[in-house]
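1. task: produce atomic coordinates for the following.
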Amino acid sequence: MFEIGRDYRITTGFGDHEGSSVSTVVAFEAPLLKVTAHGKETILNTASPSFVSAEKQLTPEEEMERLEDMPDWLRRGTPPAR
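-> Residues are numbered from 1 along each chain as shown. As a prediction, the model looks like this:
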């Protein structure tokens with residue numbers, strides 16, 4: 001489920017109070033996820049109601065590949081003339 005060494009945007013919180021940050025996965029032994037960010041390691045319980053989501057972040061190479069596959073008009077942000 002989680003790739004060791006990959007960055008994820010982790011969202012946690014309760015009710016209307018949510019927050020997120022990008023962290024690097026160090027280890028995963030379900031349901032415990034060990035991440036590091038800014039030199040600090042944290043262990044998260046992915047089965048906890050306070051664990052909202054984890055979104056894998058693209059590497060720079062994957063982001064370039066995604067942009068190369070995108071139509072020119074979408075990359076520019078202007079739709080084609082009709």
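2. neighbours of Val35, how many?
-> Look at Val35: counted by other C-beta atoms under 10 Å, it has 22 neighbours. (Glycine included, C-beta is placed from N, CA and C.)
3. could you do Leu44 as well?
-> Look at Leu44: counted by other C-beta under 10 Å, it has 18 neighbours.
4. and the strand ranked longest in the chain, what does it pack onto?
-> Ranked by residue count under DSSP state E, the longest strand found in the chain is strand 17-29. Packing partners of strand 17-29 (3 or more C-beta pairs under 8 Å, 6 or more residues apart in numbering; DSSP states H and E): strand 7-14, strand 32-37.
5. for this structure, where's the lowest mean pLDDT among helices and strands?
-> Of all helical and strand segments in the chain, the minimum by mean pLDDT, DSSP states H and E falls on helix 72-76, at a mean of 73.
6. list the buried residues of that helix.
-> When burial is assessed from 16 or more other C-beta atoms under 10 Å, helix 72-76 yields no buried residues.
7. repeat that for stretch 39-57.
-> Leu44, Phe51, Ala54.
8. number of nearby residues for Glu61?
-> Using other C-beta under 10 Å, Glu61 has 8 other residues around it.
9. so it, which of the three states?
-> Three-state call for Glu61 (DSSP: H, G, I helix; E, B strand; the rest coil): helix.
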